[in-house]
Each structure stands twice: as structure tokens, then as C-alpha cells.
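*Asks:* any chance you can model this:
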Amino acid sequence: MIFKDVGYSCLLFERTLLSNPLRTTMLCMNPAERLTAIDGITVDSAGTGELAIGFTNLQILRGHLDAREAAFARRQQQLADTEGAAPAADAMNRTGRTTRHAAQQAAARAEALGDAPRMTELLEKGRVSTDHADALAAEIGKLDDNQRAALLDLEVELASHAAGSTPEQFRRHLKKTIQQQSNDDGIEESERQRDGARITLGKNDETGMGEIRGELHPDDWQRINRRIDAEVKALRKQPQHRDKDRAQLSAIALVGLIMSTRTAAAVPAAVSVNISLPALLGECGADTFGEYSDGNPVPAETVRRHACDAHIIPVVLSGEGMPLDVGRAQRLATPEQRTALRSMYRTCAIDGCNTNFDRCEIHHLLEWTADQGPTDLRYLTPLCGYHHHRAHEGRWQLQLDPESRELTVFYPDGTNHSTSLPDILEERRTRPPIPPSEAVSPPPEREPPPLNPAEAA
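*Replies:* Next up, the predicted model:
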């Protein structure tokens, strides 16, 4: 299995070694043995299986080194506090030949891991990555002492969740956990965000280029981001812009929007927010937050206000809505269908791909022309441009369970790429915790995937 997030892919690969006789040996190897195994691979002649084992060993060895680095950093900081030695970030910046920012991030990670022994244990065994640890460090760095202590009381549960999720999913879980602990409806935080919004304009003396920096309230950011996305898509269709990357097109799009010379023919589709019906109704015990399609939280009261706003659509989960199955009368997915899909997917449907939903295309699991497939929600799934190409010209095979939305992906040769649920639906399921006594014990196997296309042939 090959993913964009290599660290997470290695973790998933290790979990597939349930029937492999090498599994026990791999899990019990010490760091020196892993390094020897890695160096023993002849890269030019290695097959996919041997490379996958190499990736797994690299991930576990990297986790061991990261955990040791954190221990060294904590000791260095202790010497700085008691004996006047150089602070950890300074020492790492100087001896590690790294940037100041990277050294500060590593020092903050080390401090957080010092209060999170379970997370440290999983990091050392390659079950989580430094991205997970950095997410923890970033969130607890925003808390006061009491809030920090309350969050770290859940450290075992948090570590278990991290081991079964991507760094981005873990970051969202942390934010939601903190919100639940604060017993806050989010209104005050939303007002603080609005008051804290700011933009600064400057000039880069080296290049002579103007610079724009700032932070915006999530409401405003969602609207602006959607408009820029729509402009970028329109600009890509123009011959003079085909060789430009997204950052260049975004700059052109922003200037066009400000100068009222936009390229898109129409205002982009409305921003959507996801919220449960009990939360929208304010029922006792319901969540007090919804979320934007990118996973950022939004207070339920704000969603109620947006219900009166034609530019933001509240997606009421499990509620009644517009018909979503339009049959063969329409080729493209309707705005309502995209909105419904956005309530289940934050990103491309392919496991491990982090391309934002709004930058995805809607793929028909049944070809509209070849298979006479209807444009019904149960046959639609979001794919980024890369994976949409793989599904068509690349001959990847995608099988979608219309009831559970479980997607199984096969390479052209019939090898299984992945089996996954939409990320938002996955998060709504209760994850079984990893037993505290055994950090490397893999979770139970999933149900067998659908019939391998190679076997069906």
C-alpha cells in the first residue's frame, strides 16, 4: 500500500502482517537489527513487498530516534533551568544543523511528550509519528495549567486514538476533546477570533514583491477560500495559465477578486457546515458545536444564525433535505449532492490522501456513459485530480458499499490498495482503545474486502 503520508502507510502496512510469519520477528527486532535489515535491502532489485517491509522498519526506527531526541531535549532543558546551560531549542539548532523554527518545534514536542508517557511509548515503537506528537504539543500549548492537566488525564485514550488515526484526524479529535472539557458553547472563542482577525501589508526588500499576512475569522475565511478556489479552477482552463502552479493561480485569483476582474462566471457554491439535528435544536446533552467542511469547529448558535444566510448551508445530519437521487436526467452531481458528500468527506475518498474536498472532482462509480450509471448519491465519491485519473486512465478498481460508504480500492493487477470509510463517518464511530499493556498489539482484522477484481476475472 502506497500513501502520501508514508509514516501512516507504514503503520497500516504493519497492521496487515497478521498472517505473515515474519510479523513476530519484525515486531521484536531491536533498533540495531532494524538498521541492519534496512541496509540489507538491495534497492535496485527490491520488489514491493520487500520495500514495504523496509518502509515499516524505517518508520519504527525513526520513531525510536524521535523518542530519544525528545528525551535528550528534556534533559538539555533541565540543565538549562538548573545549571545555566543552553536551552534545548538553542542546543538543537546549533548541533542539529536545523532551522530555528524546527528546533523550537522539536523542543515543544519533547516537553509535551514528557507529560505523555503513553504517547512516547507508541512513538518509540513506530505506532504514531512526530506529526501526532506535534499536534498534541500545539494544542496543550494553548491551555492553562488546569486545562492542560485535565487533557493529560486522558492521555492513554488520546494516545490510542492517535495510533488509529492520521495526524490531521488526531488534531481534530484533540480540538473536540478540549471543547467538550471546557463546557463552552464556543461563542466567546468565536468573538475572540473575530476581534483577533488582522491583515498586515508589507514589502519584501530582497525581491521587491508585496506581502500579505494575516488571520481571518473562520466564517470569513471559508467564504474567501471558496471564492479563490472557484477562481483558480476557472483560471486553469485558460491557455496562458496552464503552466502555473496553484500558489501562482491563487495570487492571480485574489487580485482579480479585489479588483473586480474575476474569471469565474458565477459566484461559487455556498459554504456548508455540518451539525447534528439535536445540536441544531439545542437539545439537552447534544454537542454544542458543528464543523465546517475542513473540520474546523463552529458554535451551534452560529450555525443557527447561518440558517438565515443564503451563503452558508447548514447540513443537518439525519434530517430531511432535498432529493439527492437525480437519476440519469443529469450528468454532473447537483449542488445538493456535493453538499451531502461534503458532510461525510473532508478530503479525497482515497485512504491517506489529504486533498481538500472542495478541490476534488465527483467520481461516478458506475460510468455514466459506459455503464449507464445514474447520478445518484450512492454511486458518487469525491476524488482529487490525481486519484480521479488513476480511477479512469490508471485502471484502478473502486468498489463502494452504498450502505456503509466503505470504499475498497485495488491496483490494476488486483492488489488491494486500501479499504476505508469517509473520514467524518469514521470519526463518529467509537474506536476500541489499544490495551495499555501492549503498545504493538494490532487491532482485529476487518471484514474481508469485496472480491478481488483479478479473481473475479
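*Asks:* could you use CA atoms for every contact and neighbour count after this?
*Replies:* Will do.
*Asks:* buried set for stretch 43-56?
*Replies:* 51-56 (16 or more other CA atoms under 10 Å).
*Asks:* same thing with stretch 159-170?
*Replies:* For stretch 159-170, by 16+ other CA under 10 Å, it's 159-167, 169-170.
*Asks:* give me the mean pLDDT for it.
*Replies:* In this model, stretch 159-170 carries a mean pLDDT of 90.
*Asks:* from the buried residues of stretch 159-170, which ones fall inside helices?
*Replies:* If you go by DSSP state H, these have 159-163, 167, 169-170 in helices.
*Asks:* can you list the buried residues of stretch 43-56 in CSV and add distance to residue 231?
*Replies:* Formatted as CSV, these follow (distance: CA to CA, whole Å):
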residue, distance to residue 231
51, 41
52, 40
53, 43
54, 43
55, 39
56, 41
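*Asks:* tell me which two of the residues you listed sit farthest apart.
*Replies:* When the buried residues of stretch 43-56 are compared pair by pair using CA to CA, the farthest-apart members prove to be 51 and 56, with a separation of 8.6 Å.
*Asks:* ok, which stretches of the stretch 351-457 of the chain are helices?
*Replies:* 385-392, 423-428, 453-456 (DSSP state H, counting those that start in this stretch).
*Asks:* so which of those gets nearest residue 278?
*Replies:* With CA to CA as the measure, helix 423-428 is the member of the helices of the stretch 351-457 of the chain nearest residue 278 (15.0 Å).
*Asks:* and that closest one, how far out from the chain's middle?
*Replies:* Helix 423-428 sits 12 Å away from the centroid of its parent chain (CA atoms, centre = their mean, to the nearest Å).
*Asks:* ok, stretch 147-165 next?
*Replies:* Here stretch 147-165 is found 18 Å from its chain centre; the criterion is CA atoms, centre = their mean.
*Asks:* mind checking how far residue 35 is from residue 129?
*Replies:* The spacing between residue 35 and residue 129, counted by CA to CA, to the nearest Å, is 18 Å.
*Asks:* for the stretch 201-350 of the chain, which spans come out with low pLDDT?
*Replies:* Per-residue confidence of the stretch 201-350 of the chain (counting by pLDDT under 70) places the weak regions at 262-272, 276-277, 279-288, 293-295, 301, 303-333.
*Asks:* if we go to 80?
*Replies:* Along the stretch 201-350 of the chain, the parts satisfying pLDDT under 80 run over 260-336.
*Asks:* what's the first-to-last distance across stretch 39-57?
*Replies:* Where stretch 39-57 starts and where it finishes are 11 Å apart, if you go by CA to CA.
*Asks:* can you give the distance of that stretch from its chain's centre?
*Replies:* Centroid separation between stretch 39-57 and its chain, computed with CA atoms, centre = their mean, is 27 Å.
*Asks:* one more: stretch 97-111?
*Replies:* Between the mean C-alpha point of stretch 97-111 and the mean C-alpha point of its chain there is a distance of 22 Å (CA atoms, centre = their mean).
*Asks:* same check, this time on stretch 148-166
*Replies:* Between the mean C-alpha location of stretch 148-166 and the chain-wide mean there is a distance of 17 Å, by CA atoms, centre = their mean.
*Asks:* endpoints of it, how far apart?
*Replies:* Distances were taken as CA to CA; on that basis the terminal residues of stretch 148-166 are 22 Å apart.
*Asks:* which one's more surrounded, residue 35 and residue 129?
*Replies:* When residue 35 is set against residue 129 and neighbours are counted by other CA atoms under 10 Å, the residue ahead is residue 129, at 27 against 15.
*Asks:* so what pLDDT did the more buried one get?
*Replies:* The predicted local distance difference test score for residue 129 is 93.
*Asks:* verify the stated contact: it with residue 63.
*Replies:* Yes: counting by CA atoms under 8 Å, residue 63 is a contact partner of residue 129 at 6.5 Å.
*Asks:* quick one: common contacting residues for these two?
*Replies:* Common neighbours of residue 129 and residue 63 (criterion: CA atoms under 8 Å, 6 or more residues apart in numbering): residue 123.
*Asks:* which one of the buried residues of stretch 159-170 sits closest to residue 92?
*Replies:* residue 167 (24.0 Å).
*Asks:* contact partners for the closest one?
*Replies:* Applying CA under 8 Å, 6+ apart, the residues near residue 167 are 129, 131-132, 135.
*Asks:* any chance of JSON lines for these, columns distance to residue 234 and secondary structure?
*Replies:* Written out in JSON lines, the entries for the contacts of residue 167 read as follows (distance: CA to CA, whole Å; DSSP: H, G, I helix; E, B strand; the rest coil):
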{"residue": "129", "distance to residue 234": "38", "secondary structure": "coil"}
{"residue": "131", "distance to residue 234": "34", "secondary structure": "helix"}
{"residue": "132", "distance to residue 234": "36", "secondary structure": "helix"}
{"residue": "135", "distance to residue 234": "35", "secondary structure": "helix"}
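*Asks:* closest to residue 223 among these?
*Replies:* Closest to residue 223, out of all of the contacts of residue 167 and judged by CA to CA, is residue 135, at 26.1 Å.
*Asks:* and the gap between the residue most central in space within the chain and residue 134?
*Replies:* In the chain, the C-alpha closest to the average C-alpha coordinate belongs to residue 168, at a distance of 3.5 Å (CA atoms, centre = their mean). From residue 168 over to residue 134 the distance is 11 Å, taken as CA to CA.
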